[in-house]
Each structure stands twice: as C-alpha cells, then as structure tokens.
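# When you get a sec, could you give me coordinates for this:
(2 chains)
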2 protein chains.
Amino acid sequence: MLKNGFVRSIRVDRPDLNNNTADVQRLEACLKVELDTGRVRIPLTVMKRLPSDLRNWNFKAKAVLFKDCHSWFLLDLLDPDTPSSVLGIAIDIGTTRIAMALVDLETGQVLGETGFDNPQAAIGPDVLARIHHSNQPGGLKQLQDLVIQGVNREIGRLCRNHGRSTGDVYAVSGAGNTAMTHLFAGIEAFQMIKEPYIPCMNILDTVAAVELGLNINVRGQVFLFPNIGAYFGGDLISGILYSDLDQRERPAVMVDVGTNAEIVVGSREWLIACAGAAGPALEGGMSKMGMTARPGVIDRVTVDPVSNRLAVHTIGEKPPIGICGSGMIDLAAALFLSGRMDIRGKFSTEGCGSQLYEENGDMLFRLVDAEQSGTGEPICLSQVDLNSLTSSKAAMYTILEVIVTQTAGLAFGDLDRFYVAGTFGSFIDPVSAISIGMLPDIPVDTFRVLGNSSLGGAILFLSDPQVFDRILNIRRSITYMELNVNQDFMNMFSGAKFYPHTDRSRFPSLLKTT
Amino acid sequence: MLKNGFVRSIRVDRPDLNNNTADVQRLEACLKVELDTGRVRIPLTVMKRLPSDLRNWNFKAKAVLFKDCHSWFLLDLLDPDTPSSVLGIAIDIGTTRIAMALVDLETGQVLGETGFDNPQAAIGPDVLARIHHSNQPGGLKQLQDLVIQGVNREIGRLCRNHGRSTGDVYAVSGAGNTAMTHLFAGIEAFQMIKEPYIPCMNILDTVAAVELGLNINVRGQVFLFPNIGAYFGGDLISGILYSDLDQRERPAVMVDVGTNAEIVVGSREWLIACAGAAGPALEGGMSKMGMTARPGVIDRVTVDPVSNRLAVHTIGEKPPIGICGSGMIDLAAALFLSGRMDIRGKFSTEGCGSQLYEENGDMLFRLVDAEQSGTGEPICLSQVDLNSLTSSKAAMYTILEVIVTQTAGLAFGDLDRFYVAGTFGSFIDPVSAISIGMLPDIPVDTFRVLGNSSLGGAILFLSDPQVFDRILNIRRSITYMELNVNQDFMNMFSGAKFYPHTDRSRFPSLLKTT
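Sure, this is the predicted structure:
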C-alpha cells in the first residue's frame, strides 16, 4: 500500500442496500479518512467513469492526489494494477540556469536530473532586462513561451531517457526568484521594478499544467513556491525548506551567494531574512581572470607549509585557464596566510617578490606562469580584482553581523549550523572563507554545503505532502529585513574590509595558525 | 455598490512602501472582507493582468464571484464602469420539459423565461429508457449532447432576445431529478437502476461550464443541485428551497405530484421526505380522456347548486376535447358531491341517470355530449379511469398520513402551510382535492401553489449566494423514508379509497356541505 505521498492505494466501501450513498461520496469519504482531512475535491473527469471504474477494479484504485492552499484534490484515479509509477518534475527556475529532476511520486526517488541555460537569456541577461521586455506588447508571452518550451523539451527528454511517458507526470513543483516565477506563469511582473515594488502575487497556489502550457498529463497540476516580495523569492523559501532551518531547535544560518547574498537566520520559532548585493567578485566574469567552474579552472589554492609557495588545483586537472569564486577565496586566504597580502588587502611587495609587477597602473600578481598556463598567457590577479573581493567578503561578513548579532541578538557561537547554498557554495572551503574574514570563525564542522537548495526543496515538495504546510508556515514566519545601509553599517563594513577584520579577536582560530 | 449577490463592486487598497503585499494578495484580502469569509480562490486568468487592470481602473473593479462546497472563488474581474450587467441562467432539467430563465445577477431580476421539450425524448420517453441507452457505446455522450445543445440554443435565443451576449453569462444553476442531472453532466447513471441503486454522485458541486460544453462565458461555472439518492433529486431540493420549508418555524408540507408523488414535511428543525407512485391518473394520457393542459382541455368542473347539473370550463374557453389532472379532481369531487358517485368511488346508476351507459363491459359517464364536444365525440369518464383516480387519491392521502401523522407524529391540523408544486399543482383546486379525500381537510388558505418550484429554486440560487449553504443543509437534514408498503399501509390505503374516507370525521368541512 502506498501511504505517504501524493499517490495512494485506496479501497472504497462497497455499496449495498444499507449503504447506498453515491459512488463519488463514498470515494470522497474514503479519501478523507486516507488523508485525515475534512475536504477533498473530486474532478468531473474522474466522476464521469467512476461507477464502471470502481466495479471493474473491485473497488480498489490508485489515487493520484495534489494539494492547494485550500484543500486536497484528486487528480486521477488509476487501475490499482497499473504497473508504471506516477511521476513528478521538480524545477529550479534560475535566472541563468534551469535545473530539473524527475521524481517517482510513489517512492520519492529521484530518477534523473538535468539542467540547461534559461532560454530567456536570449531576451536579456538579467531580471531587469527581462521585466522591461515583458512590458512590451507580446513580450510577456514570448518570455513565458521560451522557458515553458525549454522545460517541455527537458521533460520529454527526461521521460524518454527513463523509458517513461510524459503522460505519467502528474505533478510539477517549481521554485524560482519572484521575477522568474512570474514570467514562468505568464503573470505581469512590471510593477515589481517600479516603486513601491509590488509583485503581482506572493502566493500563486496550485494551477493546472495546461494553463501554463506544460506538456505533462492533461490532469496534471503545478505548484510554484510563494515569495515574500520582489526581493525574496520562492527559490529561497524552497532553500529554507530544504535546509530544515524552519524545524531546527537551535538557531542556524543559511547563506545563498550569487549576485545577491541572501541570508536567513532562525529556527523553528522564528526566521529573519535579508538580502544584499554582496557577491559580484565571487561570480565568474567579474574579475579579469574569473570564470565559472569548468575544466582547467582553478578551484583550489594552497600554501606549501615548508616552501611557502602557492600551489593550484584545477578542475579536471587540466592546465589552468582562470579561477572560479571558490578558488578566489582560497587564493585570497593563501595570499594573506603566506604574507603576500597585508591586513588591508593590498599586495605586499616584500611578500610577493618577483610575482608582483605593474601594468597599466594596476599591480598584478602572477599566480601561474605563461609556460604552465593553458592559455599561453600568465594567470594573474590584479589589485583591482582583489579590492573587489575585499568588498564582497566585507559585505558578507557585515550583513551576517547585522542580521545575526544586531537583529537576532545572537553571538556567532550560538549558531548550531551554517548552511551554504548555491552552486558557488558547493565548492567553498569554509577554512579559507574564515581565514579571510568572510565567514565567522565558528567550528568548521558547523558548516554544511547544500548545493542547489532551491531544486532540493522542490524535490522535497514532491515526496512529502506535509511540506505544503511547512512552506506556507515558512512564508508566514519570515521577518524580511531591508538592509539599512546607514553610518552604523558603514562603520562595521570598514572594519570587515581588513583581513580578517580590524578586530582580530573575532577570529581566534587564525591566531593559532598565523 | 453591488452588495449581496455574486457580483460585487470592490475597492482594493492601494499599495505603498509600507503596504507592499502583492496585488493578488491585496485583492484576496479585499474579497475576504467583502464576502466575510476566510477563503477566496483567484484564478490564474485574472492574476495575469491584475497589476495593469487595478491601475487602469484606479483600484476599483466589478468582481464576478461564485461558490462551491469548499469556498468562494473569483470568476472574473471587470472594469468597474462596464455598462452591461452580469447574467446567469437557471434551468429546470425536466425529463419531459426543460424550463429556463435568464437572470440579471446584479439585481436578481428575471429577464426572461423559456421552455422546450427535452430533446432526449427522441432516445426514450422516460428515465429508464434513457439510462439503458446511456449504457450503450456512445450513448451517454449522445444523451448529454442532446440536452446541452438544446440548452445552448435557448441560452443563445434568450440572450439575443434581450440584446445581450452569451459572454455576459457567468453562472448557471441547474436542478433536475437524479438521472437527468447525471445525463446533463455526462456522468455514468447505469448503476442507479440496478440494485442497490447507487447514483454516481450525490453532490456534483460546481464545475466549469466549458467542461459541460455550455456556451456561456469561458470563465463561467455551473452549479447542479445535489440529490439524496436515485429517487430524490436536485429538483426536489430546489423545490424545498423555493418553498422556504427549511426555514419555517412551524411544520409545513410540500407535495410535488407527477408520475411520482414526492412529499416533504418539516420545518427549519427537521425534514422528512418520501416518494411513491401516486399520480398516474393525474397525468395526461393515463385515462381515456386525460390529456395535458392546452386549449380545449377541461380544467374546471362545477355543480350547479340549484339544478345539480355539472358545468365544465375549458382552457381558452374552446369546445372541450379532453380533461387534465386538475379537471379530473374537480370532476370526481363534482360527481361525489352531486350524488353521481358513491363513497366507494363507483358511478351511481340513480344519480347519473342517462349520462351513464355501458360499453365493452365498462361503465361510461358522459360528461360532454358529442354536440358540445370539440372532437365530435362525447367526452366520457370510464369506471376504470375513475378506479385509477381513486387509487391515486388514496395513495396520496395514505402517503401523507404515513409521513405526517405516523412518521412525523403530527396532526394534519398542525400544518402551518401546504405547498403544492409542479405544473399539475398549479391548477389544482384544494377544495376539490379535499372533497375527494385526496388532501387533508385543513383550512383552504393553508394551501399555496408553487408552480415550477425546481426552476424557482434554481433562480433563487442565482440571486442569493447564501442559498448555497441552505441547499447543503437541506440535503443534510432530510431524512429520506422508503415507503414501506406493508399490511399496515394497505389497511390505511383501503380506508382512503373511500370518498372521502371510511373515517368521515377526518373531513369535517364536508359534513357541512353534504
């Protein structure tokens, strides 16, 4: 018997002269008991053939169910002996990249994953450009079509690869930032970028897949994660869900670093969130040698304890061609710990020696010689790049300090867990991040890497219907804090721009090693 | 401001930096207050353009709403200055005849009515034949198409006649017996006629008009009245609603006579219903000279108090061609009161004189001579016809006695109101019906004619959303009683076959006149 998910094996009471309630109402009563609920909607499509179906199936059936904010409802009733399982699709609707997973709704198992670049990038690289385009005649429809067509193509591919039909897919859960979710649903987004920054919807609720043009079972339904506002989207709520932050007894933090750093602190009692521009230096393409992770990209930099020389590691162990965000943090830590950079984040002439040289008025540090490089050119870090990293790490630390210590009134040491989400977060070395004063100096085993937490939450949704209420609770219990960049903030930020900080006592673990 | 129906004038709070909830959620909050409810569903179709619409309309709108068993939901949001009103269609889905009304949802006013023969009659004259046909391949679809096409044609005609568009129609309410309602919705009905007589559904709830193929606004919804079982349909629940039986402080009775007599007794505290074969003699076509009401049909028979002669009145005052059910009751009363029929319901040779003659072994009473007749033939009532009427009136009285006095434990005198519903009931003369012992001897001003109470209830539904809960309450509070035709019933029935009854003390008003 399938018991815990959106698919249930049910047995409806047989009618007799003393139990002559209609078939639909007997099915409804059975589902209410099965789901322990007071309300289950049954669609006309299922009703139409119900008398024959129940009698052909000996009053047993496989019930495919779904939920919205108001009640459970039945999507379909299948022959109890249907051999193939009912499927779901989870989607992380990223601005840059869309990730998807095919989930067996009967076992909760992830059968396969895939990812592709958001085809809306053809219209505009970022949220702002796309929202502007959505306000042009036909623009909204065009943007929606692009993403839906891409998703449909990948649903088809995922199903084919697993020998399944798209008709077996009954449920889709999607999490994205507020703008991407609006465009996915074809909902006007333009007011979101004009004062007072009003999204069309905070809670979309469950909608029919056909209404969105998604090519799954015609009775299929789609749940899109709710948002808190223009700046706090369903992807973050999905991430909180995935992290279990909302169920922890003791306070924890979740950080998701992209172009924005989104930070949530809290426990099952309360949640405080804020977002701020933090990470440009940590994303590929922002520094001269920065790039996103791929073969040949430097992802690790270490200091040889004996020779004090820097050693690099590349993805796929290919000749180095650039450096990614996590490599950058490692590099900054290595430069600092090896004495090549001072506490102000400036290259030390003495420490760098011949690796440092001037070009076009900027100081460059040669990390890899032209001979060892995969590009034929030396791989260098400029002082300008380093300054940008310094600002980013200082912003991250300051925001953490504001939200954890000032707003929540905790010490960093009170944090039971520190989740790092996002692709970038997957590769970060907490020791390096602490060394440069980007993350607080708490025990390394407190840190947990979440990976794509937005996709993780969307998958979780498909495997556990109770998650629905958790999502609404998370949304309700979050206090969203606008970052107030006042003099107080700027003072804290100035201190955090030092390595690791003007107040070195905040980083006791570094005192031991340096 | 429109306040009480399914159409409301609303004003949504304007957003500002301190009230930056999304547009959808602000609309939802506004509707919750307006409707005094905790739940309102808003469709994606409305969401998509909501930001522009609200701003174009200065945050005012005309909201078109509907309900189902679970919650209110929004159908559409219109420009507050839309000049034309929102419309609804009420339908009485009769086995023989379908009656419809076009209703202005903003004023509750009935703009027009129409009626047409149920096109399913081409498949089979009665419920049983049609249900059998529905079990043939394609039969159910064919039956549904016939009735839906007929209704669509009349919706179009009603709208055209009132200079309106079918796109202005957002709501349909339909009441019919259980079988007709199943066929209207295209739901399997076959189990209803096989032991243990299980309908597919007791409560269909609200469904989209497009799902039924109804040609109204594409966002329109349809509510079909629920049933209690195969033998107690939505038409009766609609009738109870229309009669107000469920809201009366003191007990009342509603009788709907057709092929079956359906009887409901109760008040706002309780309702007891039963149905029984009672009326064949009262419907056209069952007796030799019986026919449904049309010009030339005898609808009134009186006794001249001086000459003791019978006088007939015909519809349209045309030469008589037959007699309808109400005329038949009048005739029986006249025959009895004038001494032409004895208390056993047999023609009196003495009282009838030359008007009585024998033909093919049956005794015939010549009511109208060939010369006065519109057919050129005399209009006669046979002893066989009269016996049939006697059985019908006895059945009606006995069922009333069982349900009112035995089951409900009341005396007939406790009845505050006695509603007579149905086309037949519209013409019945209570004095005649009491005279023959068909209806109990209670004050004549207790009787109220309801007309087409099924259509009346469907219209009421469209003009008052609170009616929704009343309907579900009526369904819940009815105790449906299977008529137990046992020895006790047969004894009561035997007494009621006399005119007016073996126990003449039950009809004190007759003692005064005869």
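
# For the longest helix seen in chain A, buried residues please.
Ranked by number of residues, the top helix in chain A under DSSP state H is helix A:139-161. Within helix A:139-161, the residues that qualify as buried are A:139-140, A:142-144, A:146-148, A:150-151, A:154-155, A:158-159, counting by 16 or more other CB atoms under 10 Å in any protein chain shown. For every residue, glycine as well, the C-beta is placed using N, CA and C.

# Likewise for stretch A:324-341?
So stretch A:324-341, judged by 16+ other CB under 10 Å, has buried residues A:324-338, A:340-341.

# now stretch A:162-173
A:164, A:166, A:168-173.

# next one: that stretch to chain centre, how far?
23 Å (CA atoms, centre = their mean, to the nearest Å).

# So is that stretch next to chain B?
No: on the criterion CB under 8 Å from any CB of the partner chain, stretch A:162-173 is out of touch with chain B, staying 14.1 Å away.

# which residue sits closest to A:F66, ignoring its sequence neighbours?
Closest residue to A:F66 apart from its sequence neighbours, by CB to CB, 6 or more residues apart in numbering or on different chains: A:Q221 at 4.7 Å.

# beta partners of the one you found?
A:A171, A:A208 (DSSP bridges).

# contacting residues around it?
A:66, A:75, A:170-172, A:206-209 (CB atoms under 8 Å, 6 or more residues apart in numbering or on different chains).

# how about the residues you listed in TSV, adding pLDDT and distance to B:N452?
Converted to TSV, the contacts of A:Q221 look like this (pLDDT from 0 to 100; distance: CB to CB, whole Å):
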residue	pLDDT	distance to B:N452
A:F66	97	41
A:L75	98	39
A:Y170	98	44
A:A171	98	46
A:V172	98	47
A:T206	96	40
A:V207	97	40
A:A208	97	37
A:A209	98	42
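
# Return the closest of the residues you listed with respect to chain B.
A:V207 (4.9 Å; CB to the nearest CB).

# Other residues contacting the longest helix of chain A?
A:87, A:89, A:91, A:93, A:98, A:100, A:102, A:111-112, A:114, A:116, A:118-120, A:122-123, A:130, A:133-134, A:165-166, A:168-169, A:180, A:183-186, A:188-189, A:212-216.

# Show me just the buried residues among these.
Burial by neighbour count, judged by 16+ other CB under 10 Å, picks out A:87, A:89, A:91, A:93, A:98, A:100, A:102, A:111, A:118-120, A:123, A:130, A:133-134, A:166, A:168-169, A:180, A:183-186, A:188-189, A:212, A:214-216 from the contacts of helix A:139-161.

# Next, check the contacts of helix A:139-161 against the strands and list the overlap.
A:87, A:89, A:91, A:93, A:98, A:100, A:102, A:111-112, A:114, A:116, A:169 (DSSP state E).

# and the two most separated of the residues you listed?
A:I93 and A:L111 (20.1 Å; CB to CB).

# any idea how far B:I193 is from A:R49?
The gap separating A:R49 from B:I193 is 17 Å, by CB to CB, to the nearest Å.

# quick one: stretch A:294-313 to chain centroid distance?
29 Å.

# Kindly check the end-to-end length of it for me.
End-to-end distance for stretch A:294-313, by CA to CA, to the nearest Å: 12 Å.

# which residues are contacting that stretch?
For stretch A:294-313, the external contacting residues (CB under 8 Å, 6+ apart) are A:291, A:293, A:314-316, A:318-324, A:326-327, A:330-331, A:333-335, A:337-340, A:367-368, A:374, A:379, A:427, A:429.

# State the pLDDT value of the nearest residue to A:R448 once chain neighbours are set aside.
Take A:R448 and drop its neighbours on the chain: the residue closest to it by CB to CB, 6+ apart is A:Y419, 5.2 Å away. The per-residue pLDDT reported for A:Y419 equals 95.

# repeat for A:S388
87.

# Also A:C324?
On the pLDDT scale, A:C324 is placed at 83.

# Enumerate every residue touching A:R39.
A:32, A:70-72, B:70.

# can we see that at 7 Å?
A:71-72, B:70 (CB atoms under 7 Å, 6 or more residues apart in numbering or on different chains).

# Out of these, the closest to A:F507 would be?
Nearest to A:F507 among those, counting by CB to CB, is A:W72 at 51.4 Å.

# Just give me the neighbour total for the closest residue to that closest one other than its chain neighbours.
Leaving aside its sequence neighbours, A:W72 sits nearest to A:V40 (CB to CB, 6+ apart; 4.7 Å). For A:V40, the neighbour count with other CB atoms under 10 Å in any protein chain shown is 21.

# Quick check: A:V40 vs A:V46, distance?
As for A:V40, its distance to A:V46 is 11 Å (criterion: CB to CB).

# Quickly list what's touching both of the two.
Counting by CB under 7 Å, 6+ apart, the shared contacts of A:V40 and A:V46 are A:L74.

# Make sure A:L439 is actually in contact with A:V431.
No: the criterion here is CB atoms under 7 Å, and A:L439 misses it with A:V431 at 9.5 Å.

# So which of the buried residues of stretch A:324-341 are in helices?
A:325-337.

# Tabulate these (JSON lines), appending distance to chain B.
Shown next, in JSON lines, are these (distance: CB to the nearest CB, whole Å):
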{"residue": "A:G325", "distance to chain B": "32"}
{"residue": "A:S326", "distance to chain B": "35"}
{"residue": "A:G327", "distance to chain B": "39"}
{"residue": "A:M328", "distance to chain B": "36"}
{"residue": "A:I329", "distance to chain B": "35"}
{"residue": "A:D330", "distance to chain B": "40"}
{"residue": "A:L331", "distance to chain B": "41"}
{"residue": "A:A332", "distance to chain B": "38"}
{"residue": "A:A333", "distance to chain B": "40"}
{"residue": "A:A334", "distance to chain B": "44"}
{"residue": "A:L335", "distance to chain B": "43"}
{"residue": "A:F336", "distance to chain B": "42"}
{"residue": "A:L337", "distance to chain B": "45"}
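
# ok, now which ones touch A:H133?
A:123-124, A:139, A:143.
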